[in-house]
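Trainee: just coords:
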């Protein structure tokens, strides 16, 4: 009886069961939407042995900026600071006590290093610092994440603070 059941089951499985068909194609091609910006800067090119270069502090400024990057982003995420139209950070909401002083200190140090970089860019490009600051302000506004405070120009040439969408 047992052998008969096994034979009957094997016959049913072999004749009646078929592997399901799985269609792996898609009616439309898969679309990958990537938005990426790459900025390439050349600093300190050429021989500067004869005269000291103002760009000598740029590597140190870059290192300081990298080390405080986490704090700056935390302050932006907390809506304490925003990106101003001149490429500098602005403290919009100062917390009380020592933490508020720390936020102001970090923003001031970041602005000092940003200005150092912007002065070097102005000298290299032979344009005014104000022009570089306007360019950097636009660059930082574009780099900001959704929800961060940025200063934007209105139709009547006035500026106001908005959260980036």
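Mentor: Sure thing, it's come through. Computed from a predicted structure; not experimentally measured. Numbering: from 1, shown residues only.
Trainee: what about residue 137, helix or strand, and which?
Mentor: Taking DSSP states H and E as the definition, one finds residue 137 inside helix 129-143.
Trainee: residues making contact with that helix?
Mentor: 37, 39, 83-88, 114, 118-119, 121-122, 125, 150-152, 164 (C-beta atoms under 8 Å, 6 or more residues apart in numbering). From N, CA and C alone the C-beta is placed, and that goes for glycine too.
Trainee: List the buried residues in it.
Mentor: Neighbour counts over helix 129-143 (16 or more other C-beta atoms under 10 Å) mark 132-133, 135-137, 140-141 as buried.
Trainee: From the chain's centroid, how far away is the very next helix or strand once past it?
Mentor: Sequence order places strand 149-153 as the next helix or strand after helix 129-143, per DSSP H and E. How far strand 149-153 lies from its chain's middle: 16 Å, per C-alpha atoms, centre = their mean, to the nearest Å.
Trainee: ditto for stretch 108-125
Mentor: Centroid displacement of stretch 108-125 relative to its chain, using C-alpha atoms, centre = their mean, is 19 Å.
Trainee: mind checking the SS state of residue 34?
Mentor: For residue 34, the secondary structure call by DSSP: H, G, I helix; E, B strand; the rest coil comes out as coil.
Trainee: any idea of the pLDDT on it?
Mentor: Listed pLDDT for residue 34 reads 79.
Trainee: Am I right that residue 26 sits in a strand?
Mentor: No - under three-state DSSP, residue 26 falls outside any strand and is assigned coil.
Trainee: burial measure for it, as a count.
Mentor: Burial of residue 26 is recorded as 7 neighbouring residues (other C-beta atoms under 10 Å).
Trainee: Distance-wise, check it relative to residue 19.
Mentor: 21 Å (C-beta to C-beta, to the nearest Å).
Trainee: Over to residue 159?
Mentor: Computed as C-beta to C-beta, the residue 159 to residue 19 distance reads 66 Å.
Trainee: Neighbour count: these two, which is higher?
Mentor: Neighbours per residue (other C-beta under 10 Å) separate residue 159 from residue 19, with residue 159 holding more: 12 against 5.
Trainee: Would you point out the helix or strand in the protein whose mean pLDDT is lowest?
Mentor: Of all regular secondary-structure elements in the chain, judged by mean pLDDT, DSSP states H and E, the least confident is helix 2-16 with a mean of 65.
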